[in-house]
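Participant: sharing a model that was predicted from the sequence below.
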Amino acid sequence: MSQPIVSQKTYLLVFLGLVVLTILTTGVAFIDLGPFNTVAALAIAFTKMMLVILFFMGVRHSSGLVRIILVAGFFWLALLIAFTTADYRTRYWTSAPESWSTTAPPTHP
Amino acid sequence: MSTATLEPRVHAQRNYLNDDYGWKSWLFTLDHKRIALLYLVSITFFFVIGGSFAVLMRIHLVEPGGALVQPETYNKLFTLHGIVMIFFFLIPSIPAVLGNFLVPLMVGARDLAFPRLNLLSWYIYIVGGLFTLYSAIAGGVDTGWTFYTPYSSTYSNTQVTAVAIGVFITGFSSILTGLNFIVTIHKMRAPGLTWFRMPLFLWAMYATSIIMVLGTPVLAITIFLLALEHLFHVGIFSPALGGDPLLFQHLFWFYSHPAVYIMILPAMGVVSEIIACFARKRIFGYKIVAFSSVAIAVLGFLVWGHHMFVTGQSVYAGLIFSLLSFLVAIPSAIKVFNWTSTLYKGSISYEAPMLYALGFIGLFTMGGLTGLFLASLATDVHLNGTYFIVAHFHYIMVGGAVMGYLGGIHFWWPKISGRKYPNGWAALAAAIIFIGFNLTFFPQFILGYLGMPRRYAFYPAEFQVLNVMSSAGATVLGVGYLIPLVYLIWSMRYGPIAEPNPWGATGLEWKTSSPPPTENFAEIPVVTEEAYAYAPEEAAGD
Amino acid sequence: MIETEAQAQHAGLAHQFEDLEQQQDADALGIWIFLVTEIMFFGGLFAAYAIYRWLYFPAFQGGSHILDIRLGAANTIVLLASSLTMALAVRSAQAGHRRSLLLFLAATVILGGIFLGVKAVEYNQKFVEHVVPSLDWAPEGQTLARLTPGGLEHAQIYFFFYFAMTGLHALHMIIGVGLLLWLVLRARKGDFNPHYFAPVEVVGLYWHFVDIVWIFLFPLLYLIGGRY
């Protein structure tokens, strides 16, 4: 695919970076950051993913079309998660009209 | 003028049909044209099966108490009718038959990008179909094609797992087809064929393929989870465990709504080709129509919640989905206006393909407009679960997609088979189908408005007249569908030999012989003109 | 032995393409689109997981503590290493080094095998602890104590996701190992050269994708906080 040959050293450095991030994310799980535990874990995972995509999968040198396709894939997944979550998070903002409900909705966070 | 080689009109010229003989040359073919014919035969078979279920349902419904079957059986009939028609007829129809045949020809290539994946996708389709047939023979499924949980996952004791496997497998057929089309259109266009010189059918195939590739995998995982839950009696959709049945619906409709655009976009592409040819005019607003196809594909993913307005979904989510559902109507309306503008002051001839295309425009518009009643939250509360919905989607799926499919088959039949069919019979069939269709489904709008629920094996006596009308219409419609089956098969042996370009249409597929040689073109053509370069004085025939 | 560009072209060019470059472009585009379908396929599971984790966080946390975090972390590093060797394998093919190509492919297979072996050990452990939904759900002792606060039924949902997600991932790994073995066979025959190594690249991309799925599965299943 007429891409430049990446040096073995680059790959090795990326791998080491990934190992460091793995150890980091495991360690952070033992620290109480409240809701930020999840944020940290996802941020680190996202970083690891970008390293694999850009370096191991060669997207650093790839065509714009490949990048658009990748972005589209993640964007579509984000749509699925966002719209579905939106239903759950807003479902109990209003209670059902008296005449419809036979039991109260379950309590939720 | 493009500089492709014209094949001489000699009978028994070497072409893809007579290039090789024997069952192996068909079942192991890599030629996209032969694979298209394999699909044509298979989907016709499933259309007959799905249609038979419909006939049984309409016979049953001539009496308020049900005339034919037990309610449990009736539930199985409408379920299998839906599953077979949607997954095994409508979704593959135009893409797998006309798309497979035409995409390489229209881009000026010798085949699709991945011919072996193409054959694999047909085999996957057949295996999925066999699972579904097995489930029908082994007792059927009664959950509705929508497989709502927890009935499908926990309480139904019908062949849910078998049919879920069938649908799961068939989804991959769709994915591979879409993947093939996207790569072919991106990478294999002939020299000079820029994006905005492509026929609109290719834009439609491209937009459809985007939906197939992004949406079908979500159906696959959802059906997979459903099968797991049905098999192991534990899962994420059962309230007993704290699961939410609505989650199934979200995941299911995330695919199944865009799926309806998989069914209609190709038909719209066909209509663009037919209208341009039989009005002898370039499609009005070519770029807008192209962008509208992509817009429908994208916006179509944002509206799935309109199937869940009355399920207990968040009212706020409902609001957003309702608004977006109104928006997605706009690009479809734009296309209808553009086709109409194309017809205006065009030089119109009423061959069979044009009759189907004109029928499409009228019926699709009715189906689309009635969708707006359903997109509106308040009216949907009244109309949901009634025959209004049934009528709405049949106007689009049958009045739209099936008529588009038949129009396309008739338009490209000379290219595919090298023969012409009898015009008189074709026009008659189109008329019978149009009349039968409206007689079948228009009464259902009224029934729905009056409150007759869908998926019920019986109904209040006051609805009988309309139901009988609908069933009578179904008979007419059935006859209408049988007629082309007869004369198209007849024409393959006895029809007059077709020239390379019997309609005088533009497009690279008409620049090669009818039928084309296996390698499509003697030389890869070079494109130098815009799409639909119909000169006003050009007459039909080349 | 393929020496000239012309021979290389002749060797691997399919009839529907004009030249090797068009074929390679098409192959690359094809695999990326396929990976997008895989994003949506796993994505559906992730979406469902996200909903239930939000609804039943205590149960998910409790379930997560039953998992062996050290095994999970070690396995993650094993899989990342296999991605390294896979990238090096593709590089070898690109550079025309047949021996190192075979070496790195074999290393990837071995590391993949180790990952699957560890997963088998972990699955077995779940049976020992009786936390397998439907097949063996009878948590007791300390396991039961960990799961009760979040609700036992909701904990079953967590473990359903555990098995569904890691199971689907493992299935993809097994397919990947199969593809790698096929590549080894072809590489031994000398099928690949700097002008034609698309199959190696395609399998490589698939392998990295499966690795990325695990990069997310590990924190989402094993690291749901509260281990303090």
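Facilitator: Alright, I've got the coordinates.
Participant: identify each buried residue in the single longest helix found in chain A, please.
Facilitator: In chain A, taking DSSP state H as the definition, the longest helix is helix A:64-90. For helix A:64-90, burial by neighbour count (16 or more other Cβ atoms under 10 Å in any protein chain shown) applies to A:66, A:69-70, A:72-73, A:76-77, A:79-81, A:83-90. All C-beta atoms are positioned from the backbone trio N, CA, C, and that covers glycine.
Participant: repeat that for stretch C:165-183.
Facilitator: Buried residues in stretch C:165-183 (16+ other Cβ under 10 Å): C:M165, C:T166, C:L168, C:H169, C:A170, C:H172, C:M173, C:G176, C:V177, C:L179, C:L180, C:L183.
Participant: over to stretch B:319-327?
Facilitator: B:I320, B:F321, B:S322, B:L324, B:S325.
Participant: a markdown table for the residues you listed, including pLDDT and secondary structure?
Facilitator: Shown next, in a markdown table, are these (pLDDT from 0 to 100; DSSP: H, G, I helix; E, B strand; the rest coil):
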| residue | pLDDT | secondary structure |
| --- | --- | --- |
| B:I320 | 96 | helix |
| B:F321 | 96 | helix |
| B:S322 | 97 | helix |
| B:L324 | 97 | helix |
| B:S325 | 97 | helix |
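Participant: export the buried residues of stretch C:165-183 to JSON lines and tack on distance to B:T44?
Facilitator: Converted to JSON lines, those look like this (distance: Cβ to Cβ, whole Å):
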{"residue": "C:M165", "distance to B:T44": "40"}
{"residue": "C:T166", "distance to B:T44": "43"}
{"residue": "C:L168", "distance to B:T44": "36"}
{"residue": "C:H169", "distance to B:T44": "40"}
{"residue": "C:A170", "distance to B:T44": "41"}
{"residue": "C:H172", "distance to B:T44": "36"}
{"residue": "C:M173", "distance to B:T44": "41"}
{"residue": "C:G176", "distance to B:T44": "39"}
{"residue": "C:V177", "distance to B:T44": "41"}
{"residue": "C:L179", "distance to B:T44": "36"}
{"residue": "C:L180", "distance to B:T44": "42"}
{"residue": "C:L183", "distance to B:T44": "41"}
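Participant: where does chain A dip in pLDDT?
Facilitator: Judged by pLDDT under 70, chain A has its weakly predicted residues at A:1-2, A:95-109.
Participant: would you mind listing what in it touches chain B?
Facilitator: A:65, A:72-73, A:76, A:79-80, A:83-84, A:86-91, A:93-94 (Cβ under 8 Å from any Cβ of the partner chain).
Participant: which of these lies closest to B:F388?
Facilitator: A:D87 (24.5 Å; Cβ to Cβ).
Participant: my guess is B:H307 contacts B:H257, does it?
Facilitator: Yes. B:H307 lies in contact with B:H257 (Cβ atoms under 8 Å); the separation is 6.6 Å.
Participant: returning to what we had before: and the longest helix of chain A, anywhere near chain C?
Facilitator: Yes. Contact of helix A:64-90 with chain C (Cβ under 8 Å from any Cβ) involves A:65-66, A:69-70, A:72-74, A:76-77, A:80-81, A:84-85, A:88-89.
Participant: export stretch B:260-274 to PDB, keeping only CA atoms.
Facilitator: This file holds the C-alpha atoms of stretch B:260-274, laid out as PDB (Å, rounded to 0.1, in the frame of the first residue of the first chain):
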ATOM      1  CA  VAL B 260     -36.300   0.400   5.600                       C
ATOM      2  CA  TYR B 261     -34.100   2.900   3.900                       C
ATOM      3  CA  ILE B 262     -32.000  -0.100   2.600                       C
ATOM      4  CA  MET B 263     -35.300  -1.200   1.100                       C
ATOM      5  CA  ILE B 264     -36.400   2.100  -0.500                       C
ATOM      6  CA  LEU B 265     -33.100   3.900  -1.500                       C
ATOM      7  CA  PRO B 266     -32.300   1.300  -4.300                       C
ATOM      8  CA  ALA B 267     -35.800   1.600  -5.600                       C
ATOM      9  CA  MET B 268     -35.400   5.400  -5.700                       C
ATOM     10  CA  GLY B 269     -32.200   4.800  -7.700                       C
ATOM     11  CA  VAL B 270     -34.100   2.700 -10.200                       C
ATOM     12  CA  VAL B 271     -36.800   5.300 -10.500                       C
ATOM     13  CA  SER B 272     -34.200   8.000 -11.300                       C
ATOM     14  CA  GLU B 273     -32.800   5.800 -14.100                       C
ATOM     15  CA  ILE B 274     -36.200   5.000 -15.500                       C
END
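Participant: that one near chain A at all?
Facilitator: No. Using Cβ under 8 Å from any Cβ, stretch B:260-274 stays clear of chain A, coming no nearer than 14.3 Å.
Participant: can that stretch be found next to chain C?
Facilitator: No. Using Cβ under 8 Å from any Cβ, stretch B:260-274 never reaches chain C; the gap is at least 14.3 Å.
Participant: and the average pLDDT for that stretch is what?
Facilitator: Here stretch B:260-274 scores 97 as its mean pLDDT.
Participant: repeat that for stretch B:336-351.
Facilitator: pLDDT averaged over stretch B:336-351 gives 95.
Participant: what about that stretch, start to end distance?
Facilitator: Criterion Cα to Cα, to the nearest Å; first-to-last residue distance in stretch B:336-351 is 20 Å.
Participant: buried residues in that stretch?
Facilitator: B:V336, B:N338, B:W339, B:T342, B:L343, B:G346, B:E351.
Participant: correct me if wrong: the fourth one contacts B:A276.
Facilitator: Right, B:T342. Yes. With contact defined as Cβ under 8 Å, B:T342 reaches B:A276; the gap is 6.6 Å.
Participant: who touches both of the two?
Facilitator: B:R282, B:I283 (Cβ atoms under 8 Å, 6 or more residues apart in numbering or on different chains).
Participant: what parts of the stretch 251-400 of chain B come near chain A?
Facilitator: So the stretch 251-400 of chain B meets chain A at B:251, B:254, B:301-302, B:304-305, B:312-317, B:320 (Cβ under 8 Å from any Cβ).
Participant: so of those, which ones are in helices?
Facilitator: Short answer: these in helices (DSSP H) are B:L251, B:F254, B:V315, B:Y316, B:A317, B:I320.
Participant: just put the residues you listed in CSV and tack on distance to B:S93.
Facilitator: Listed next are these as CSV, based on distance: Cβ to Cβ, whole Å:
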residue, distance to B:S93
B:L251, 25
B:F254, 22
B:V315, 37
B:Y316, 37
B:A317, 33
B:I320, 32
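Participant: list just the nearest of those to B:D19.
Facilitator: B:F254 (43.2 Å).
Participant: burial of the closest one, as a residue count?
Facilitator: By the criterion of other Cβ atoms under 10 Å in any protein chain shown, B:F254 has 27 neighbours.
Participant: residue contacts, A:I44?
Facilitator: A:L21, A:L24, A:T25, A:V28, C:P219.
Participant: got a ChimeraX select line for the buried ones in the residues of the stretch 251-400 of chain B next to chain A?
Facilitator: In ChimeraX, this line selects whichever of these come out buried by 16+ other Cβ under 10 Å:
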select /B:251,254,301,302,304,305,312,313,314,317,320
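Participant: quick check: the farthest pair among the residues of the stretch 251-400 of chain B next to chain A?
Facilitator: Among these, B:F301 and B:G312 lie farthest apart (Cβ to Cβ), at 22.5 Å.
Participant: can you tell me the helix or strand for A:D32?
Facilitator: Using DSSP states H and E, A:D32 maps to neither a helix nor a strand.
Participant: how much space between it and C:Y162?
Facilitator: Distance check for A:D32 against C:Y162: by Cβ to Cβ, to the nearest Å, it reads 23 Å.
Participant: these two: which is more packed in?
Facilitator: The neighbour comparison of A:D32 against C:Y162 (other Cβ under 10 Å) goes to C:Y162, with 26 against 11.
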